[in-house]
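Student: Fold the following and give me the result.
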Amino acid sequence: MFDLEILDKGKKVIEIELDAITELKSRINNSFVEAVKLIYNATGRIIFTGMGKSGLIARKIVATFNSTGTAAFYLHPTDALHGDLGMVRKGDVAILISKSGNTEELKNLILMFKRLEVKIIGILGIMNSTIAKDCDVVIDASVKEEACPYDLAPTSSTTAALVIGDAIAIAVLELRGFTQEDFAMLHPAGSLGKRLSLKISEIMYKANDFPSVNEEASIKDTILEMTKKRLGATCVLNSNDELIGIVTDGDLRRQLEKNLDLKNLKAKDIMTKNPKVINENLLASFALQQMENYNITSLVALNENGIPVGLVHLHDLVKLGLQNR
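Tutor: Model (predicted):
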């Protein structure tokens, strides 16, 4: 096969799967609404099950549900019939995924779901199938053809099931009023979670790591403090521990350009007055935004009483992946 033929084959597969998704949009109906409401009103958890590729798709949808605030888990049909049914409770809602609608393992499971008074939603490829007749709600996930040239390997059909699962998850999300902050709470380790939840007070240099000198400090002591704390800057405080300025590497270089004799100068003589400050309780992502706006690399963090309590540095914010994407 030539390169051009390989390229054409790839485009053809995308075209077939795109057509399958487009047709789903025209078939979506009140069954979708019923399914969303059934899940939204469920007093238990949401169970996804399916065999083979359908099982893999079910696992991905479970991950989407859990990350968007709806507790869900995957139940392998065979394992369920050998003990894992113990995880199922009255009030749960089961979602069965099957292209044929006649998956033997799922048919065996349906009877047990009904005994446990679990509502059943089918995402099925054949609407008049055996499984469809036993479901409380059936969503049509049929496709004209698989992208596989032999119409065998599940491709278009699994894509269709995945899209329906995502659509249900997002509709439930909207119904619940799930917010960005809720998402961040469930994804504290991700960059989006950090952007939406990480506060300046949690990452700033504070206490013994907070660089500061008295306004009367010599240039030598000021440089020693900057060297010790390794942030390229130190805050300058007055006798009441109030912030009156900041000395940065840039301030030192500019002073050297004007006056090579620094030994008689003090911190207050070379500091930048009225440095940019930020409340320690604001989001770290907002600190990054402020640094980009002012083209600076550090901000002094103040507490609610306006007392300097920390320093936040640009490099740490970038390392945490807080940049907007």
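Student: switch to C-alpha atoms for all contacts and neighbour counts from now on
Tutor: Noted.
Student: isn't A72 right next to F65, touching?
Tutor: Yes: A72 is within contact range of F65, at 6.3 Å (criterion: CA atoms under 8 Å).
Student: any idea of the mean pLDDT for stretch 187-195?
Tutor: For stretch 187-195, the mean per-residue pLDDT is 72.
Student: buried ones in it?
Tutor: By 16 or more other CA atoms under 10 Å, the buried positions in stretch 187-195 come out as 187, 191-195.
Student: same thing with stretch 236-251?
Tutor: Applying 16+ other CA under 10 Å to stretch 236-251 flags 236-237, 243-248 as buried.
Student: list the helices and strands the least confident helix or strand in the chain by mean pLDDT packs on?
Tutor: Here the helix or strand of the chain ranked lowest by mean pLDDT, DSSP states H and E is helix 191-197, holding a mean of 73. Identification of packing neighbours for helix 191-197 by 3 or more CA pairs under 8 Å, 6 or more residues apart in numbering; DSSP states H and E yields helix 180-186, helix 284-294.
Student: Can you name the residues in contact with it?
Tutor: 180-181, 183-188, 283-285, 320-322 (CA atoms under 8 Å, 6 or more residues apart in numbering).
Student: please redo it, this time with the cut-off set to 6 Å
Tutor: By CA atoms under 6 Å, 6 or more residues apart in numbering, the residues outside helix 191-197 that reach it are 184, 187-188, 285, 321-322.
Student: returning to what we had before: next, format the buried residues of stretch 236-251 as CSV and append secondary structure and distance to A167.
Tutor: Shown next, in CSV, are the buried residues of stretch 236-251 (DSSP: H, G, I helix; E, B strand; the rest coil; distance: CA to CA, whole Å):
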residue, secondary structure, distance to A167
V236, strand, 55
L237, strand, 56
L243, strand, 53
I244, strand, 55
G245, strand, 54
I246, strand, 52
V247, strand, 54
T248, strand, 52
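Student: Strands of the stretch 101-250 of the chain, start to end?
Tutor: 119-124, 137-140, 205-206, 212-214, 233-237, 243-248 (DSSP state E, counting those that start in this stretch).
Student: Which of those sits closest to G165?
Tutor: Of all the strands of the stretch 101-250 of the chain, strand 119-124 sits nearest to G165, with 8.4 Å by CA to CA.
Student: For that closest one, what is the distance to the chain centroid?
Tutor: 28 Å (CA atoms, centre = their mean, to the nearest Å).
Student: Now do the residue nearest to I21 when sequence neighbours are not counted against E34, distance only.
Tutor: Leaving aside its chain neighbours, I21 sits nearest to A160 (5.9 Å; criterion: CA to CA, 6 or more residues apart in numbering). According to CA to CA, to the nearest Å, A160 and E34 sit 19 Å apart.
Student: Of the two, which one has the most company?
Tutor: A160 (27 against 16; other CA atoms under 10 Å).
Student: Show me the contact partners of the helix or strand encompassing H315.
Tutor: For H315, the host element (DSSP states H and E) is helix 314-319. Outside helix 314-319, the residues that touch it by CA under 6 Å, 6+ apart are 297-298.
Student: G193 and D166, how far apart?
Tutor: 20 Å.
Student: For A301, which residues count as its bridge partners?
Tutor: I278, G310 (DSSP bridges).
Student: Name the next helix or strand downstream of the lengthiest helix in the chain, please.
Tutor: Using DSSP state H to define each element, the chain has its longest helix at helix 3-27. Using DSSP H and E, the helix or strand that follows helix 3-27 towards the C-terminus is helix 30-40.
Student: Dump the helix or strand following that next one to PDB, keeping only the CA atoms.
Tutor: Going down the chain from helix 30-40, the next helix or strand is strand 46-49, by DSSP H and E. Presented in PDB, the C-alpha positions along strand 46-49 are these (Å, rounded to 0.1, in the frame of the first residue of the first chain):
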ATOM      1  CA  ILE A  46     -24.600   4.100  38.400                       C
ATOM      2  CA  ILE A  47     -23.400   0.700  37.100                       C
ATOM      3  CA  PHE A  48     -22.000   0.300  33.700                       C
ATOM      4  CA  THR A  49     -21.500  -3.200  32.100                       C
END
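Student: distance between strand 46-49 and the chain's centre?
Tutor: 22 Å.
Student: returning to that earlier point: and the longest helix of the chain, how far out from the chain middle?
Tutor: Distance, centroid of helix 3-27 to centroid of chain: 29 Å (CA atoms, centre = their mean).
Student: Same check on stretch 217-224?
Tutor: That offset, for stretch 217-224, works out to 44 Å (CA atoms, centre = their mean).
Student: in it, what's buried?
Tutor: Quick answer for stretch 217-224 (16+ other CA under 10 Å): 217-219, 222-223.
Student: Out of those, which comes closest to I278?
Tutor: Nearest member of these to I278, counting by CA to CA, is T222, at 22.8 Å.
Student: Which residues are in contact with that closest one?
Tutor: T222 neighbours (CA under 6 Å, 6+ apart): none.
Student: just the one 10 residues further on next, same as before
Tutor: Counting by CA under 6 Å, 6+ apart, G232 touches 226, 248-249.
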